[in-house]
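> Generate a structure from the sequence data that follows.
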Amino acid sequence: MPGHLGRQLWVYDPDGATSADTAEVERIRSQFTSNRCFQRHSADELIRVQYGALRKKRAREIHTSPPPPSAYDTSVRSVSVTEDPIPRSVIERSMRAGVEFYQGLQDEDGHWASDYGGPLFLLPGLIIALYVMGQLDHVLPDYVQVEMRRYLLNHQNEDGGFGLHIEGSSTMFGTTLSYVSMRLLGMTATTEAVVNARSWILSRGGAINVPSWGKFYLCILGIYDWEGLNPVPPECWLLPYEYNPIHPGRFWCHCRMVYLPMSYLYGCRASGASSFLTEELKSELFVGNYKTINWDKTRNTCASEDLYYSHPRIQDALWWGLTKVEPFFLRWWPGRWIRANALKLTMNHIHYEDENTRYINIGPVNKVMNMLSCWFQDPSEFGSWRKHTPRVADYLWLAEDGMKMAGYNGSQLWDCAFAVQAIVATGLHVEYSACLRSAHKYIRDSQVLDDCPGQLSRRFRHISKGAWPFSTRDHGWPISDCSSEGLKAALELEAMGSERAGPSVPVGLLQECVNVILSYQNMGGGWATYENTRSYEWVEIINPAETFGDIMIDYPYVECSSASMQALAKFHQRYPTYRKQDIKKSLHRGRKFLLSIQRRDGSWYGSWAICFTYGTWFGIKGLMSTGSTFETCEALRRAVKFLLSKQMPCGGWGESYLSSQTKQYVQLEGGVSHVVNTAWAMLALLASGQISRDPLPLHRGARSLMRAQCSNGDWPQQTIMGVFNNNCMITYANYRNIFPLWALGEYTNYVYGFRPSEGQKNVYFEGITAGARVSNTSDED
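Here you go, the predicted structure:
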């Protein structure tokens, strides 16, 4: 890999700060702690302080301040009474201030480093694993542990518990694992925070009610009996793949890559050595005498606070049957021989994943479990676990709320691709070409250049060559929407010319990316995430994770489908002869899929961000990539009506993460707007042609964004905006900068001069049959 491009590491330098720097950092930390019950989301202030100090040296100084409200707004109680378009010079000043601030956060290699935390169960898994391995103090020195304790204390809820994520209400999963983490990090049982957490746990029946993933971590630590965990048999990997809808190789890659090492560790009943501390935890976490617990009866216990996905009875029957069969199976040599071969195969797959991701792994959960598996296989100094420990730092992020474990090794490529499109949309790209050249280099150098080695089908891997990952090429797992946004950004930069934007991605590699995007499309017309959908929805019946929904297969999504369709259409505009018929057919099928999943109210459910504003932006853009207009597409009209119905009196939009959980639109508490939701809604409405029908909602939305802009050009960090598996929220710290800029840029383009590259008439290219258009009365193709 080219110098571990995009790698985000926080390095401790005890002599690297002046007393004034230290005082400022402590002020920021203290301010967060004081307000933590009201503003649970950190604002990524430490990276802003660090890069802010380098602005002059890097020629990224801020020369422009946002315009005063009097230049664009007359409002009464935050409700705008000005209905005219915002003057172009005023809105350009706002965008210029935004770009100047944001380009100062760009890393030297071209990406924007940022917080990608949010889930509270990730850090405890790492702490437990390192404790079991005897590596806690070596991998996490004292100064790191201080920040981890700070993080845990900052995100403890007022009732003493911890949520699944930083903004969530308390759960047994979050509280039990956070309690264990506080104790392993040296906090005594009498510390107030520990006492409060223990009280929360015991008042709800104790740790026997932790969901299955929590039970697993406690088994690894040696404070929960393996008999109390439903089976995770490694023999599943020995089953034939063909005609077998429940083979693990058919599962969603994140699911199978977690249950792969989990099955290895379960199969060899891997538990850490008993210690004085683990014996104390046994007495602290459970109600009554630990030695008298009937572990078999705890297998399906789960606190009501955690129960998002209830086990169907057929699943409980399956686990019950396996618990009865397994002891008998392992009693005789054929069973023990099969188990040994299953463990050998799972370990082989684990090593393959480790080597192909340079020991980063696809995500933080399997990163920790793979490392543990390698240690249990060979705990000596020569074991492959030694290659894992240096890569732990890739997942650690420091902000004013403390040190956290991120949900990936970053969102580098994803954010960079969006940032490019946003800055280009402002029309200021000539002024900030140095920033875009640097971003272009990152995009160019992050493209995956080869497929994984060996026979892909035996490793259950999809083709990769030419695609883009979510984070870094080191990580190497490409995704459909990341590839598509990377392709869109590369085409935007190519259009600027090499003098301004630097060398372009070679055409051959752009074509390879198109090949991958086309290969991702499913038979039903939609696109999933990392791979094709390999099994059936009914497989979700055996989802063993009570906390998460829709984890078993790689489902097709509106976001992945729309991004892929937009990228294919944009590529075809630039290179109309390459795979012309394949692209036409792909868009036609993709259109049918989007129409099939649109909800009755006109919205689309967004699965990767909050929520209906995000999904509906993608739904609208996807339809428009196939030629839809407001006049000809009833589905598009319904989507527009939905978004307009959610606009607030202040002109903005504000959607709660509860929308993702309940799958119904939920307004943010207090009726406040959110700059990111507002930007998504505006981008969707602008693309639909709203400016020519009734521009007032867009004038009001733009004013809402400009009123929220900070005096230094930044935008405020509000509530959490990312989500996965319906129920767990995750941070995208760069969204607050990217999407308001993008929305204001497109607002300016549509009000004062349409950008030809984004015109509707150019998107639905010549050659697609008229039958693919939607009539005035029907959504059917």
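
> would you list every one of the helices in the stretch 451-600 of the chain?
456-459, 480-496, 498-501, 507-520, 558-574, 580-597 (DSSP state H, counting those that start in this stretch).

> need those in a markdown table with mean pLDDT and distance to residue 377, can you?
For the C-beta atoms, the positions are set from N, CA and C on the backbone; glycine is no exception. As requested, those are exported to a markdown table (pLDDT from 0 to 100; distance: least, Cβ to Cβ, whole Å):
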| stretch | mean pLDDT | distance to residue 377 |
| --- | --- | --- |
| helix 456-459 | 96 | 19 |
| helix 480-496 | 97 | 32 |
| helix 498-501 | 94 | 48 |
| helix 507-520 | 98 | 34 |
| helix 558-574 | 98 | 36 |
| helix 580-597 | 98 | 43 |
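
> out of the ones you listed, nearest to residue 410?
Closest approach to residue 410 among the helices of the stretch 451-600 of the chain (Cβ to Cβ): helix 480-496, 12.3 Å.

> What is that closest one packed up against?
helix 412-425, helix 433-446, helix 507-520, helix 558-574 (3 or more Cβ pairs under 8 Å, 6 or more residues apart in numbering; DSSP states H and E).

> Residue 469: which of those helices is closest?
helix 412-425 (5.8 Å).

> pLDDT of that closest one, averaged?
Average pLDDT, helix 412-425: 98.

> Likewise for stretch 353-368?
97.

> How far does that stretch stretch from one end to the other?
13 Å (Cα to Cα, to the nearest Å).

> Go ahead and name everything in contact with that stretch.
1, 122, 125-126, 129, 253-254, 257-258, 260-261, 370, 374, 384, 387-388, 390-392, 394-395, 405-409, 452-453, 472, 474-477 (Cβ atoms under 8 Å, 6 or more residues apart in numbering).

> that older thread, in a markdown table, list the helices and strands packed on helix 480-496 along with distance to residue 141 and mean neighbour count.
Listed next are those as a markdown table, based on distance: least, Cβ to Cβ, whole Å; neighbours: other Cβ atoms under 10 Å:
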| stretch | distance to residue 141 | mean neighbour count |
| --- | --- | --- |
| helix 412-425 | 26 | 26 |
| helix 433-446 | 30 | 21 |
| helix 507-520 | 41 | 20 |
| helix 558-574 | 39 | 25 |
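
> for residue 60, helix, strand, or coil?
Under the three-state scheme (DSSP: H, G, I helix; E, B strand; the rest coil), residue 60 adopts coil.

> Residue 102 is in contact with that one, correct?
No - counting by Cβ atoms under 8 Å, residue 60 stays clear of residue 102, with 9.6 Å between them.

> Which one's more surrounded, those two?
Neighbour count, other Cβ atoms under 10 Å: between residue 60 and residue 102, residue 102 has more, with 24 against 20.

> per-residue confidence at the more buried one?
With respect to pLDDT, residue 102 has a value of 98.

> what does residue 99 give?
Reported pLDDT for residue 99: 98.

> now do the one 10 residues further on
The predicted local confidence for residue 109 comes out at a pLDDT of 95.

> show me the contacts for it.
5, 6, 438, 441, 442.

> again, only this time at 7 Å
By Cβ atoms under 7 Å, 6 or more residues apart in numbering, the contact list for residue 109 reads 5, 6, 442.

> Does the last one touch residue 113 like I think?
No - under the criterion of Cβ atoms under 7 Å, residue 442 makes no contact with residue 113, lying 11.3 Å away.

> one step back: let me know which of the helices and strands packed on helix 480-496 is the nearest to residue 189.
helix 412-425 (40.7 Å).

> Tell me the helices and strands packed up against that closest one.
Contacts defined by 3 or more Cβ pairs under 7 Å, 6 or more residues apart in numbering; DSSP states H and E place helix 412-425 against helix 433-446, helix 480-496, helix 735-752.

> Tell me which of the ones you listed approaches residue 728 most closely.
Nearest to residue 728, of all the helices and strands packed on helix 412-425, is helix 735-752, at 17.1 Å by Cβ to Cβ.

> Please enumerate residues in contact with the closest one?
85, 88, 91-92, 94-95, 98-99, 102, 415, 418-419, 421-423, 425-427, 675-676, 679-680, 682-683, 686, 691, 698, 702, 705, 714-717, 721, 755.

> Would you tell me which of the helices of the stretch 451-600 of the chain gets closest to residue 248?
helix 456-459 (12.1 Å).

> can you tell which of the helices and strands packed on helix 412-425 is closest to residue 191?
Between residue 191 and those, the shortest separation by Cβ to Cβ is 34.5 Å, and it involves helix 735-752.

> what's the average pLDDT for the closest one?
97.

> relative orientation of that helix and helix 412-425 in degrees?
Orientation check (axes from the mean of the first three to the mean of the last three Cα atoms, to 10 degrees): helix 735-752 against helix 412-425 gives 30 degrees.

> can you pull out the strands in the chain?
Assigned by DSSP state E, the chain shows strands spanning 75-76, 79-80, 162-163, 170-171, 396-399, 402-405, 722-724, 728-730.

> To residue 272, which of these lies closest?
strand 402-405 (19.3 Å).

> now for that closest one, which elements pack on it?
helix 122-133, helix 142-154, strand 396-399.

> Other residues contacting the first one?
Contacts to helix 122-133, defined as Cβ under 7 Å, 6+ apart, come from residues 136, 139-140, 148, 177-178, 180-181, 184-185, 217, 220-221, 272, 364-365, 368, 371-372, 375, 385, 392, 404-405, 407.

> Which residues are in contact with residue 346?
234, 237, 260, 263, 264.

> of the residues you listed, closest to residue 29?
Nearest to residue 29 among those, counting by Cβ to Cβ, is residue 260 at 38.6 Å.

> and that closest one, how many neighbours?
Neighbours of residue 260 (other Cβ under 10 Å): 27.

> Verify the stated contact: it with residue 350.
Yes - counting by Cβ under 7 Å, residue 260 touches residue 350, with 6.3 Å between them.

> distance of residue 20 from residue 49?
Distance of residue 20 to residue 49, given as Cβ to Cβ, to the nearest Å: 11 Å.

> circling back to that earlier point, quick check on the contacts of stretch 353-368: which are buried?
122, 125-126, 129, 253-254, 257-258, 260-261, 370, 374, 384, 388, 391-392, 394-395, 405-409, 452, 472, 474-477 (16 or more other Cβ atoms under 10 Å).

> I'd like the strands of the chain as JSON lines, with distance to residue 320 and mean pLDDT appended.
As requested, the strands of the chain are arranged in JSON lines below (distance: least, Cβ to Cβ, whole Å; pLDDT from 0 to 100):
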{"stretch": "strand 75-76", "distance to residue 320": "63", "mean pLDDT": "61"}
{"stretch": "strand 79-80", "distance to residue 320": "60", "mean pLDDT": "57"}
{"stretch": "strand 162-163", "distance to residue 320": "31", "mean pLDDT": "98"}
{"stretch": "strand 170-171", "distance to residue 320": "26", "mean pLDDT": "98"}
{"stretch": "strand 396-399", "distance to residue 320": "40", "mean pLDDT": "98"}
{"stretch": "strand 402-405", "distance to residue 320": "34", "mean pLDDT": "98"}
{"stretch": "strand 722-724", "distance to residue 320": "30", "mean pLDDT": "95"}
{"stretch": "strand 728-730", "distance to residue 320": "28", "mean pLDDT": "95"}
